[in-house]
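Chemist: All I have is the shape, not the residue letters:
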C-alpha cells in the first residue's frame, strides 16, 4: 500500500509539472500591418494576370498567416517576453498568443509587439504586456550530452488546428553543423529525436532540471525537421538564444552599431570575387551567397520595389536562380521569394564570379553617410570604375537594405512609401525573352484542302514550354479521308488521331506589351479507324499578352502527308487558343 501511495504521489507530481510546462508554452500567430496585407493582395492579382496562378494563390493564402509555438521567459528588466521562430513571426508587427490549460480553458493575448528578429538563426522575440502569464522557462547554461533525454513541447497541427503535445526523445548529436542553413561560426544545432511536426516550430526543447520551478530548462528552440529521415529534428541551442537576447534586446546603442558593422562586413564578404571551376561547387557557392544577400533585403524593399523584380526574374533569370526564387516562395512566406528576386538583381549587378567589389570605406559606424536613420554603404570595383550603393535601415533590431543601385545613389525616399517601378534594363523595343509560363493546354481548329474539298478537324493537347522550344502531344478528331472502297464497307464519319509534336520558337517581347513567337514544327501520328499513318509539319506564330500571359492565340500553316495506301499531301491552316500555366 505504501508503494502504491508513493507511485500515485509521483504521478500527481508529474501531472503538476506538465501543467506548469503547458502554462509556459503558447500558440503563436502573426499579425501583419495593413501595408503588408495590401501588398499580398496586389501581388496575388498581378502575379495571377501574369499566368502564375499557383504562386498567386500562395500570396492569397499567406494573408491568413500561420501558427506555431512559443514559450515565455522573464527578461533582465523583469518584463515578459515570448520566444518563437522567425519563420513563424516573419513580416509580422505583432503576435497573437493563446494558452490552453489542462482543462481546455483558453486565454488569448493580443498585440504583442515583435521587438527583435534574427532570420539566419530563425529566432524572434516579442514583448508580452499581460499579467495573466504566470509561468516562465529558464534557458539552460550547459550544453546537453549525447544520449540525454529531452522533451519537445508545443502545438503541432491536427486537422489544421493546434493541439498540445509533450513528446520525449534523446539528444542524438549535441553539436550538429548545417552550413547551408546557418554559418557554423554563428551557431550550431542540437539534433534530437523528440517528436516535431508542423506547428511545433518555435516551441522549446526541454531537459529536466531540479533547480527550475517548472522542473525543466530550455536547451533550445525547435526549428528544423529532416524530411527524409525519421526522428531527426534540430533545435537552436540555448547559448545562441542567450547571445541573441543579449545583443538584440538588451544590447543598447553600442551593440546596435556593432550589429550594423557585422551586417555590412557579411554583405561585403558575399560580394567578394571568387573562382570555382567545378560546376556543382560553383552553383553551391552562388546559392549560399544569394541566400546571404536575401537575408539582407528588408520587407520595405520587397513591398516597394520587389514585385516587378520578381516577375522579371521568373521570366528572365537562369534556371539556378529561378529555382531558388520559386523554392523561397513555396517554402515559407511568399514574400521570401520577392526578397530572393531582389537579391538576384543585386547579385547579377555585382557578378562576384567576374568582378571584385570591395568596400569604398571601412564599415565603421562613424564613417557611414547617413540621412536620418538610413545609412549608406558603398562597394567599389576599381577595374570597372563602378560603384554599388546600398542604403541600410534598422527594423526589429535587424539591419537590412532598403534600397540599392549601380553607379548612382538610390532615391532617398521615406521608408514605407512605394517607389515607382524601375525601368527595364533592356531599352530595346523588341528583344528575345522567355515566355513566363511552362505549360500550354490548347484547343485547335484544323482545316485542310483535300480534292477540292475542305476537310475540317479539331485537336486538343498539352505542350511543355522551354525558351526556344515546345514539346507536347495532341489528340485529333477528324473526318476520315476518302480511301478505296475495299478498305471499309461503310464509310465512317469520324476518326481519331494522336500525334506527338516538336516546335522550335523564337519568343520576342514587343515593347513589354506582347510576346510574338515565330515557330516551326514537325510531328507524326496515326488515325483510327481506318489505320492511317501521317507526318505533319509547318510554321506559324503564337501570340501571348505580357499583362495576361495565361491565355495565348496561335495560327499555323500546316502540311500533312499520309503514308499508307493512298499517299497524298494536304495543306491548310490550324488556329488555336491556349491556356498557359
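Modeler: That came in fine, so what should we check first? Treat the numbers as computed from the prediction; the structure is a model and nothing was measured.
Chemist: quick one: contacts for residue 285?
Modeler: 274, 276 (CB atoms under 8 Å, 6 or more residues apart in numbering). For the C-beta atoms, the positions are set from N, CA and C on the backbone; glycine is no exception.
Chemist: Doesn't it belong to a strand?
Modeler: No - secondary structure assignment (DSSP: H, G, I helix; E, B strand; the rest coil) places residue 285 in helix, not in a strand.
Chemist: Now for the residue nearest to residue 31 when sequence neighbours are not counted, how many residues are close by?
Modeler: With CB to CB, 6 or more residues apart in numbering as the criterion, residue 31 has its nearest non-adjacent residue at 4.6 Å, and that residue is residue 94. Look at residue 94: counted by other CB atoms under 10 Å, it has 18 neighbours.
Chemist: which strand residues sit across from residue 94 in the sheet?
Modeler: For residue 94, the beta-bridge partners are residue 31, residue 113 (DSSP bridges).
Chemist: and what of residue 472?
Modeler: As for beta bridges, residue 472 partners with residue 463, residue 501 under DSSP bridges.
Chemist: pretty sure the residue nearest to residue 31 is in contact with residue 109, am I right?
Modeler: No - contact criterion CB atoms under 8 Å: residue 94 and residue 109 do not qualify, at 10.5 Å.
Chemist: And the residue nearest to residue 31, how far from residue 122?
Modeler: Distance check for residue 94 against residue 122: by CB to CB, to the nearest Å, it reads 19 Å.
Chemist: what about residue 241, which SS state?
Modeler: Assignment for residue 241 (three-state DSSP): helix.
Chemist: going forward can the numbers begin at 52, since that is how I track them
Modeler: Yep, numbering from 52; the last one is residue 292 now.
Chemist: Give me the phi and psi for residue 162.
Modeler: With angles defined as degrees, to the nearest 10, residue 162 sits at phi 60, psi 60.
Chemist: Touching, it and residue 148? I think so.
Modeler: No - taking contact to mean CB under 8 Å, the distance of 9.8 Å between residue 162 and residue 148 leaves them out of contact.
Chemist: Compare neighbour counts for these two and give me the winner.
Modeler: A count of neighbours by other CB under 10 Å puts residue 148 above the other of residue 162 and residue 148, at 22 against 14.
Chemist: Look at that one and tell me its secondary structure.
Modeler: strand.
Chemist: what does residue 361 give?
Modeler: helix.
Chemist: now the one 4 residues further on
Modeler: Of the three states, residue 365 takes helix according to three-state DSSP.
Chemist: got the contact list for the closest residue in space to it that isn't next to it in sequence?
Modeler: Closest residue to residue 365 apart from its sequence neighbours, by CB to CB, 6+ apart: residue 487 at 5.5 Å. Taking CB under 8 Å, 6+ apart, we find residue 487 in contact with 101-103, 362, 365-366, 600.
Chemist: again, only this time at 10 Å
Modeler: 101-103, 362-367, 373, 516, 558, 566, 595, 597, 600-601, 631 (CB atoms under 10 Å, 6 or more residues apart in numbering).
Chemist: shaky segments in the stretch 152-301 of the chain?
Modeler: Scanning the stretch 152-301 of the chain for pLDDT under 70 picks out 279.
Chemist: now the stretch 402-551 of the chain
Modeler: Scanning the stretch 402-551 of the chain with the threshold set as pLDDT under 70 gives 462-479, 533-543.
Chemist: ranges for the helices of it?
Modeler: With DSSP state H, counting those that start in this stretch, there are no helices along the stretch 402-551 of the chain.
Chemist: For it, which segments are assigned as strands?
Modeler: With strands called from DSSP state E, counting those that start in this stretch, the stretch 402-551 of the chain shows them at 409-410, 420-422, 425-432, 437-446, 449-457, 481-483, 490-501, 504-516, 520-529, 546-556.
Chemist: what does the stretch 152-301 of the chain give?
Modeler: 157-169, 174-179, 189-190, 200-205, 208-209, 212-213, 216-227, 240-243, 255-259, 267-276, 284-288.
Chemist: Of those strands, which is nearest residue 408?
Modeler: For residue 408, the closest of the strands of the stretch 152-301 of the chain is strand 157-169, at 25.7 Å, according to CB to CB.
Chemist: For residue 608, find the nearest of the strands of the stretch 402-551 of the chain.
Modeler: strand 490-501 (11.1 Å).
Chemist: who does that closest one touch, helix- and strand-wise?
Modeler: The contact analysis (3 or more CB pairs under 10 Å, 6 or more residues apart in numbering; DSSP states H and E) places strand 490-501 against strand 504-516, strand 520-529, strand 583-596, strand 602-613, strand 620-631.
Chemist: okay, those in CSV with distance to residue 76 and mean neighbour count next?
Modeler: Below are the helices and strands packed on strand 490-501 laid out as CSV (distance: least, CB to CB, whole Å; neighbours: other CB atoms under 10 Å):
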stretch, distance to residue 76, mean neighbour count
strand 504-516, 48, 16
strand 520-529, 53, 17
strand 583-596, 52, 19
strand 602-613, 50, 18
strand 620-631, 47, 18
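Chemist: between those strands, which gets nearest to residue 286?
Modeler: Comparing the helices and strands packed on strand 490-501 under CB to CB, the one sitting nearest is strand 504-516, at 41.8 Å.
Chemist: list the buried ones in stretch 327-342?
Modeler: 336-338, 340-342 (16 or more other CB atoms under 10 Å).
Chemist: re earlier: same list (the strands of the stretch 402-551 of the chain) but as CSV, adding distance to residue 303.
Modeler: CSV is the format used below for those (distance: least, CB to CB, whole Å):
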stretch, distance to residue 303
strand 409-410, 26
strand 420-422, 19
strand 425-432, 18
strand 437-446, 13
strand 449-457, 15
strand 481-483, 52
strand 490-501, 54
strand 504-516, 55
strand 520-529, 60
strand 546-556, 60
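Chemist: out of the ones you listed, deepest packed?
Modeler: Using mean count of other CB atoms under 10 Å, the stretch among these with the greatest mean number of neighbours is strand 449-457 (a mean of 22).
Chemist: Show me the common contact partners of residue 162 and residue 148, please.
Modeler: In contact with both residue 162 and residue 148: 177, 179, 181, using CB under 10 Å, 6+ apart.
Chemist: So how do I select the buried members of the residues you listed in ChimeraX?
Modeler: Selection of buried members from the shared contacts of residue 162 and residue 148 for ChimeraX, criterion 16+ other CB under 10 Å:
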select :177,179
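Chemist: May I see the shared contacts of residue 162 and residue 148 arranged in a markdown table, with distance to residue 266 as well?
Modeler: Listed next are those as a markdown table, based on distance: CB to CB, whole Å:
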| residue | distance to residue 266 |
| --- | --- |
| 177 | 25 |
| 179 | 22 |
| 181 | 24 |
